[in-house]
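**Q** any chance you can model this:
(2 chains)
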Amino acid sequence: MLGRTANGVFWMCRYLERAENTARLVEAGFRMAMTRGTIASEEEWRSVVITTGQQRLYAQHNGTYTGIQVWNFILRDKHNPNSVLNMIEAARSNARGVRTALTREVWEATNEAWMNLRAMLARPVRESGLGEVLAAIRRHATLVRGAMDGTMLRNDNFNFARVGTFVERADNTARILDVKYYVLLPSLAYVGSSLDHVQWETVLRSVSGERAYRWLNAGVMDPRGIAEFLILDGRFPRSLAFCYAKLSSNLGGLARQYGSEAQSQDLLRRLSTRFEESDIARIFDSGLHEFITRFIAGNQQLAQAIADDYRFTE
Amino acid sequence: MKPVAPPCFDEMHTADGVVRPAFADYCQWYEAQDRSGLRRKQGEAEGFFRNTGITFNVYGDADGEERLIPFDMVPRIITAAEWRLLSRGIEQRVRALNAFHHDLYHRQEIVRAGRFPARLLQGNAAFLANMVGFTPPGGVYTHIVGIDLVRTGPEEFMVLEDNARTPSGVSYMLENRETMMAMFPELFTRIRVRPVSDYPRRLARSLAACAPDIADRPRGNRPVVAVLTPGIFNSAYFEHAFLADQMGAELVEGSDLRVIGGRVAMRTTRGYEPIDVLYRRVDDDYLDPLSFNPESKLGVPGIMDIYRAGRITIANAPGTGIADDKAVYSFMPEIVEFYTGEKPILKNVPTFRCSEPDSLAYVLDNLAELVVKEVHGSGGYGMLIGPTSSRKELEAFRAKLKAKPGNYIAQPTLALSTMPVFTKAGFAPRHVDLRPFVLVSPAGIEITPGGLTRVALKKGSLVVNSSQGGGTKDSWVLAD
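**A** Next up is the predicted model:
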């Protein structure tokens, strides 16, 4: 397959994954803000903006952090090049550029996502319409993923698509965890209050993990437990460990098909040992923020190494 | 109520409003349909095209980045006998076109014989000096040809244009059929229509048969075919992707290609892999910045050297645009006769070459009755249709003609045949043409039964081009 095509499916999946995770993040923020007074909810919305990495741009165009401002900025603002609308456009544009690498079902699902979401995001999203828009974003991303799973040949093409998905997902989970920890833990004194429980649920909700976590922990919310769950639990599909196990299997698939391992696989193994050989106590001892910062940088390095190994660009 | 017969030849109805035999089964079915159901189907078809992404881009249109070509669900039906005549005529014409190109780039016998004027080649940008003396692999110049046919009477088929450069539209031929089969399966059990769906397979085979002779080819000696597209912003990008997909070939852009080790190769995830046949949908001028337009980012620097060394096939061959030239077109009857030794089966539309003083004088005197076209024009841009133009438009064109007469040809305004289209009020006649698609390889000439019927959706309009608001229809050739 062409290097450009590998690059295209990789980015198509990254953008779709990012759009989906962003919708989830906004949803969690929305839910949180509903249960808060004005000041606390502004704080919540600010943390949502910080998680998306757009705080500087946001501040250039907005003075306050009201919900409607934030979600419209994140979803569709023309001043925001990383709006969900632009992500969907970018995903579809990449899909169009690699049309021959996709099955008809995958292309149609992507094209429909673009058509519907573009129409839904053509005008500012009001409070009463937000839920529907966020559900549609998640549903469309799910449909594309399902079409991929059900129709695509398990070859290099598919592996590059999956690599894009899991690189992005790992990055997004790491960012959510990082920001939320900063916001949530100004001091350890907060731990255990009832307010805190709702807050922690928001973290889990941002990665659709609240139900799984409750089930595994009989409803007990504990900051360490949640961090452990999101970083180390290989059963949870949005945890860092899960994403890296998948990456390992997808890069392994490429190596098998091509008959040789690439350098990115070495790097992946080195990065994976960071949580394979660690437990949550050690991560907390050496600093969660430091751990995540290192992780995000390593993840970016990995994406670049894959692009280099497989000639994504000249 | 029977529809009123239009003044020109109608494909479906005779002048008395009687349904022609070829359409009898269809019309019987149509009469039994519920109209509102049909209207719903028309909407369904549009949704289908939009979901599939069968769109085209219109240049110079800011808001309509991607548009649908309107699809009309009333099929154009061609009888087996009509098709036999057409395909014989098309084959003869395509054979002549290929021989003509070979001759122009070699001994120019036709010029020496005084049957074709050398002046049409001099200073003609479509005639490429670096093709002179070179024979492409297999001797094939025009691998894929689209012949635009119009009809003015029962037996009166004429060629309006030859598209020997990079004819487009074949994906619509295929998707229109798929759509019709999905919407009206019962029609296809009732009426025996010759299939078109094997076109991509034939195209792949035909292109592979034109591959250069290369000894140590990997992949079990199977030639590697790739489709070269200018990219997603090109108006026909959907078609490029569609054909590559259907052929199982890579869809490449200029930036994927480079010359390595005496071959043109594409950058794959595993390194550079040589290409044997490049089905390019990029114009000559952009093909090689070292040989042609130095600004081009769409082509491959050095590909012409590899081509001339016989290490890659380019389809269609560079320099085939000469046949799309409308002044050259006017010589097609001569050309066909010169190379085949036969009378042309398909007529040309009578054409006045404005470069000739007598013709120019006639054209200027009768401008209001004529259609005037630029010799290098295409897509329905830059033409004048006398009878529907205002006095101001006529005067503006008159000035252009006087300033550069050699740049124009003129033709009588033809009474193009009509076909009913489905409207809210039922059938309404609209003018149509037909573009059959032809494949040429050393193994022979193959014509897909049918082609693309383009239809002018505006009442009375004679311009069928999609860039000018034309639509398409499925085109059926009946089995014997």
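
**Q** count of residues packed around residue B:131?
**A** Look at residue B:131: counted by other CB atoms under 10 Å in any protein chain shown, it has 23 neighbours. (C-beta placed from N, C-alpha, C; glycine too.)

**Q** residue B:355 too?
**A** Count around residue B:355 with other CB under 10 Å applied: 18.

**Q** isn't it up against residue B:326?
**A** No. When contacts are counted by CB atoms under 8 Å, residue B:355 is not listed as touching residue B:326 (11.3 Å).

**Q** quick check: buried residues in stretch A:56-66?
**A** A:57, A:58, A:62, A:65 (16 or more other CB atoms under 10 Å in any protein chain shown).

**Q** and if you look at stretch B:350-367?
**A** Going by 16+ other CB under 10 Å, stretch B:350-367 has these buried residues: B:351, B:352, B:353, B:354, B:355, B:359, B:360, B:363, B:364, B:367.

**Q** helix, strand or coil for the residue nearest to the spatial centre of chain A?
**A** For chain A, the residue nearest the mean C-alpha position is residue A:172 (3.4 Å; CA atoms, centre = their mean). With DSSP: H, G, I helix; E, B strand; the rest coil as the basis, residue A:172 sits in helix.

**Q** for whichever residue of the stretch 51-200 of chain A sits closest to chain B, give me its contacts.
**A** Nearest residue of the stretch 51-200 of chain A to chain B: residue A:99, at 3.7 Å (CB to the nearest CB). Going by CB atoms under 8 Å, 6 or more residues apart in numbering or on different chains, residue A:99 touches A:107, B:53, B:238, B:241, B:242, B:245, B:251.

**Q** what separation do you get for the first one and residue B:464?
**A** Residue A:107 sits at a distance of 29 Å from residue B:464 (criterion: CB to CB, to the nearest Å).

**Q** look at the two and report which has more neighbours.
**A** Shown here are residue A:107 and residue B:464; by other CB under 10 Å, residue B:464 has more neighbours (27 against 24).

**Q** buried set for the lowest-mean-pLDDT helix or strand in chain A?
**A** Within chain A, no helix or strand scores below helix A:194-206, which has a mean of 76 by mean pLDDT, DSSP states H and E. Neighbour-count burial for helix A:194-206 flags A:199, A:200, A:201, A:202, A:203, A:204, A:205, A:206 (criterion: 16+ other CB under 10 Å).

**Q** got TSV for the residues you listed, with distance to residue A:302 too?
**A** Output for the buried residues of helix A:194-206, formatted as TSV (distance: CB to CB, whole Å):
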residue	distance to residue A:302
A:199	31
A:200	29
A:201	31
A:202	29
A:203	25
A:204	26
A:205	28
A:206	23
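
**Q** confidence score at the residue of chain A positioned farthest from its centre?
**A** The centre of chain A is farthest from one residue, residue A:259, which by CA atoms, centre = their mean lies 31.3 Å away. On pLDDT, residue A:259 comes in at 95.

**Q** state the distance from it to residue A:270.
**A** From residue A:259 to residue A:270 the distance is 23 Å (CB to CB).

**Q** which one of the buried residues of helix A:194-206 is nearest residue A:84?
**A** Nearest to residue A:84 among the buried residues of helix A:194-206 is residue A:206, at 15.0 Å by CB to CB.

**Q** and the residue nearest to residue B:472 when sequence neighbours are not counted, how many neighbours?
**A** Among residues not flanking residue B:472 along the chain, residue B:172 sits closest, at 5.1 Å (CB to CB, 6 or more residues apart in numbering or on different chains). Residue B:172: 28 surrounding residues under other CB under 10 Å.

**Q** show me the contacts for residue B:172.
**A** B:54, B:69, B:239, B:452, B:472.

**Q** quick one: the contacts of residue A:99 as TSV, columns for distance to residue B:162 and pLDDT too.
**A** As requested, the contacts of residue A:99 are arranged in TSV below (distance: CB to CB, whole Å; pLDDT from 0 to 100):
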residue	distance to residue B:162	pLDDT
A:107	34	93
B:53	30	71
B:238	24	89
B:241	26	93
B:242	24	92
B:245	28	92
B:251	27	96
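
**Q** out of the residues you listed, which sit inside strands?
**A** residue B:251 (DSSP state E).

**Q** widest-spaced pair of the contacts of residue A:99?
**A** B:53 and B:251 (14.2 Å).

**Q** report the secondary structure state of the residue nearest to residue B:472.
**A** Per three-state DSSP, residue B:172 ends up helix.

**Q** per-residue pLDDT of it, please?
**A** Reported pLDDT for residue B:172: 92.

**Q** can you give me the helices in chain B?
**A** For chain B, helices defined by DSSP state H occupy the ranges B:24-31, B:35-52, B:80-104, B:109-112, B:170-183, B:185-190, B:199-208, B:237-247, B:284-287, B:303-308, B:326-329, B:332-340, B:357-365, B:391-403.

**Q** of the ones you listed, which is nearest residue A:51?
**A** Per CB to CB, nearest to residue A:51 of the helices of chain B: helix B:35-52, 33.7 Å.

**Q** contacting residues around residue B:179?
**A** B:45, B:48, B:49, B:71, B:474.

**Q** try it again with 7 Å
**A** The neighbours of residue B:179, taking CB atoms under 7 Å, 6 or more residues apart in numbering or on different chains as the test, are B:45, B:48, B:71.

**Q** give me the number of residues near the last one?
**A** Residue B:71 has 21 neighbours, counted by other CB under 10 Å.

**Q** start and end of stretch B:268-276, how far apart?
**A** 15 Å (CA to CA, to the nearest Å).

**Q** contact partners of the least confident helix or strand in chain B by mean pLDDT?
**A** Lowest on mean pLDDT, DSSP H and E among the helices and strands of chain B sits helix B:35-52, with a mean of 84. For helix B:35-52, the surrounding residues in contact (CB under 7 Å, 6+ apart) are A:108, A:111, A:112, A:115, B:68, B:71, B:73, B:179, B:183, B:422.

**Q** confidence-wise, which of these comes last?
**A** residue B:68 (79).

**Q** phi first, then psi, for that residue.
**A** phi -90, psi 140 (degrees, to the nearest 10).

**Q** tell me how many other residues surround the closest residue to it other than its chain neighbours.
**A** Counting by CB to CB, 6+ apart, residue B:68 lies nearest to residue B:49, which is 5.2 Å off, once chain neighbours are set aside. Residues lying near residue B:49 (other CB under 10 Å) number 20.

**Q** do the same with residue A:18
**A** Neighbours around residue A:18, by other CB under 10 Å: 22.

**Q** would you check that it makes contact with residue A:168?
**A** Yes. Using CB atoms under 7 Å, residue A:18 is in contact with residue A:168, at 5.5 Å.

**Q** quick one: the residue nearest to residue B:186 when sequence neighbours are not counted from residue B:278, how far?
**A** The shortest distance from residue B:186 to any non-neighbouring residue, by CB to CB, 6+ apart, is to residue B:29 (7.4 Å). Using CB to CB, we find residue B:29 at a distance of 45 Å from residue B:278.

**Q** what about those two, which has more around it?
**A** It is residue B:278, of residue B:29 and residue B:278, that has more neighbours when counted by other CB under 10 Å, with 27 against 14.

**Q** list the contacts for that one?
**A** Contacts of residue B:278 (CB under 7 Å, 6+ apart): B:226, B:228, B:264, B:312, B:313, B:314, B:315.

**Q** 6 Å - rerun?
**A** By CB atoms under 6 Å, 6 or more residues apart in numbering or on different chains, residue B:278 lies in contact with B:226, B:228, B:314.

**Q** run through the bridge partners of the second one.
**A** Note on residue B:228: beta-bridge partners by DSSP bridges are residue B:252, residue B:280.

**Q** quick one: low-confidence parts of the stretch 251-400 of chain B?
**A** B:378-380 (pLDDT under 70).

**Q** quick check: chain neighbours aside, which residue is closest to whichever residue of it sits closest to chain A?
**A** Of the stretch 251-400 of chain B, the residue with the smallest distance to chain A, taken as CB to the nearest CB, is residue B:269 at 4.1 Å. Leaving aside its chain neighbours, residue B:269 sits nearest to residue A:310 (4.1 Å; criterion: CB to CB, 6+ apart).
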